[in-house]
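Asker: Only the shape, not the letters, is given here:
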């Protein structure tokens with residue numbers, strides 16, 4: 001293992017001095033450095049980056065490199081960054097032109113500095129110390145053109161810019177005005193941000209955006225016995241390591257099964273191609289790498305480490321000798337079974353779990369998945385029991401199924417058991433059968449039209465999330481902005497400290513107007529896009545099953561203050577799902593590093609413990625006796 005003596009000042013110096021240059025000999029030169037034999041092999045590369053049915057499968061080739069006749073696949077950094085640029089173009093419809101500079105200490109110790117010219121962020125790979133440092137990890141992973149540092153994959157990226165007050169002061173001092181009226185006019189012009197509503201889209205991010213950049217992030221691979229290999233002007237890192245750090249956050253899963261490299265969108269079917277080869281055990285070296293890589297991924301991307309009182313996952317696993325033995329076993333079924341137990345029983349957070357056992361196991365995944373149900377922790381078991389109780393109570397009240405939209409007197413009930421978004425935003429303007437809603441956005445568009453129709457009797461609106469276990473964040477934004485006019489999403493990355501507050505509006509009356517600055521003044525929104533204007537009393541039903549996005553929406557309502565929450569404390573789930581793969585080919589997911597928060601007095605607080613209602617309902621039956629609920633709502637003042 002290489003000694004870690006690198007200092008922050010050295011890294012920042014390297015970042016500034018991008019051209020190749022020679023540095024003085026350093027004390028961290030490894031005297032025992034031996035020549036490494038690097039073998040290049042080319043494999044078929046299959047990928048599909050579209051969730052849509054019938055998404056195009058592309059074929060190509062990918063070079064992998066193996067050190068000293070080993071079986072751990074590496075990639076050349078220059079080739080990988082070109083691959084990542086193409087992947088970004090496919091997934092986020094945005095191009096990134098990475099640049100790589102080199103600062104050489106000696107033949108085996110070099111700084112490879114990968115920069116993004118569009119936002120000046122950098123990833124610095126130190127081959128001598130086996131470290132990867134990000135000047136701003138969140139900026140390095142940011143979609144080009146977006147202003148939000150922390151945003152979930154399925155939430156539209158804000159494209160507005162923060163106002164640079166210092167630049168405004170400098171500009172005004174360079175062109176002094178003669179009157180207070182001129183000064184006010186100049187200030188107003190400079191402070192008026194551009195109108196982002198130029199594109200005809202269902203979503204729009206408002207000009208209100210807050211970012212906190214966060215800290216420099218260093219990932220010390222040496223702590224996980226993972227080597228970075230340097231040869232001349234090329235740097236080689238494990239394929240799995242770079243995928244974990246840079247690709248998993250794009251909701252892309254990659255598996256190498258010894259014969260081909262397969263990349264697929266999270267939840268896609270192409271990944272099943274990995275199972276077309278014969279099952280295989282792991283070598284002892286690969287099994288240890290598989291374990292160490294898992295620990296690295298969890299240490300830097302599991303968003304609830306602090307809440308679970310875990311300092312690092314290597315110590316957490318090693319203290320349990322049985323767990324450690326299974327997670328370092330050469331038998332893939334041992335690793336997969338232990339992983340399932342760790343995620344479902346130990347972490348027990350509602351988001352973490354195994355989605356598909358490794359191709360190496362060579363067994364029926366469905367049977368193995370069923371066997372994992374016995375490993376659920378107390379929280380998952382309690383939520384499952386509560387879901388059954390609430391489900392039975394609703395079925396007793398609505399034996400034929402609860403309608404998505406229902407009117408009882410002057411009260412409208414809109415029910416979602418999950419948040420789904422099945423179309424591209426622009427497609428909602430061309431709905432041929434809008435009265436037959438098939439997803440969250442369509443149902444809200446339908447309900448909005450019914451509630452705001454001429455001579456409508458509706459005075460109260462109840463959003464029923466009592467059996468809502470989560471879903472897509474973009475669909476949740478539609479629901480939240482419908483009630484609040486402007487859905488404020490507060491997100492933080494607990495690993496870097498980066499924080500973002502962004503606000504979104506939705507064109508729910510489909511008139512193509514979301515923001516307008518008719519006189520060049522302050523931004524405005526179309527009142528017809530929301531029911532928050534004061535003519536309706538707004539309510540939301542929550543229960544312990546209201547989880548993930550079913551917890552996000554009540555959190556937004558609590559922050560907005562214009563919605564009365566009725567029911568029981570929500571089930572929590574503050575961190576977005578992050579898909580992942582193990583080096584051995586197991587597909588799993590965790591509560592990731594993007595954390596939903598509420599903001600009080602400028603500070604961020606996560607909402608993993610749930611949101612407390614304003615009015616409590618003690619019995620599940622009370623949630624679905626809607627006649628009584630309407631009477632209770634009338635009594636509330």
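Answerer: Thanks, I have the structure now. Just so you know, these numbers come straight off a predicted model, no measurement behind them.
Asker: wait, isn't residue 239 in contact with residue 64?
Answerer: Yes. Applying Cβ atoms under 8 Å, one finds residue 239 in contact with residue 64, separated by 6.3 Å. Backbone N, C-alpha and C define where each C-beta goes, glycine included.
Asker: Find the residues that touch each one of these two.
Answerer: With Cβ atoms under 8 Å, 6 or more residues apart in numbering applied, the overlap between the contact sets of residue 239 and residue 64 consists of 73, 74, 75, 256.
Asker: which of these lies closest to residue 495?
Answerer: The shortest approach to residue 495 among these belongs to residue 75, at 23.5 Å (Cβ to Cβ).
Asker: ok so, going back, so which of the shared contacts of residue 239 and residue 64 belong to strands?
Answerer: Among the shared contacts of residue 239 and residue 64, the members falling in strands are 74, 75, 256 (criterion: DSSP state E).
Asker: how many neighbours does the second one have?
Answerer: When you say that, I think you mean residue 75. The tally of other residues near residue 75 (other Cβ atoms under 10 Å) stands at 23.
Asker: How about the last one?
Answerer: A count of neighbours around residue 256, defined by other Cβ under 10 Å, yields 21.
Asker: JSON lines for the ones in strands among the shared contacts of residue 239 and residue 64, including pLDDT and distance to residue 324?
Answerer: Rendered in JSON lines, the data for those read as follows (pLDDT from 0 to 100; distance: Cβ to Cβ, whole Å):
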{"residue": "74", "pLDDT": "98", "distance to residue 324": "26"}
{"residue": "75", "pLDDT": "98", "distance to residue 324": "29"}
{"residue": "256", "pLDDT": "98", "distance to residue 324": "25"}
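Asker: Next, format the residues you listed as JSON lines and append distance to residue 439.
Answerer: Listed next are those as JSON lines, based on distance: Cβ to Cβ, whole Å:
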{"residue": "74", "distance to residue 439": "43"}
{"residue": "75", "distance to residue 439": "38"}
{"residue": "256", "distance to residue 439": "35"}
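Asker: Switch the shared contacts of residue 239 and residue 64 over to JSON lines; also include distance to residue 289.
Answerer: Conversion of the shared contacts of residue 239 and residue 64 to JSON lines gives the following (distance: Cβ to Cβ, whole Å):
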{"residue": "73", "distance to residue 289": "10"}
{"residue": "74", "distance to residue 289": "11"}
{"residue": "75", "distance to residue 289": "15"}
{"residue": "256", "distance to residue 289": "13"}
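Asker: State the mean pLDDT of the helix or strand containing residue 292.
Answerer: When elements are defined using DSSP states H and E, residue 292 is found to belong to helix 284-301. Per-residue pLDDT values over helix 284-301 give a mean of 98.
Asker: That helix - contacts with which helices or strands?
Answerer: Secondary-structure packing of helix 284-301 (3 or more Cβ pairs under 8 Å, 6 or more residues apart in numbering; DSSP states H and E): strand 217-220, helix 239-242, helix 313-318, helix 332-341, strand 575-581, strand 587-600.
Asker: Show me the one of those that comes nearest residue 69.
Answerer: Proximity of the helices and strands packed on helix 284-301 to residue 69 was assessed by Cβ to Cβ; the nearest stretch is helix 239-242, lying at 17.1 Å.
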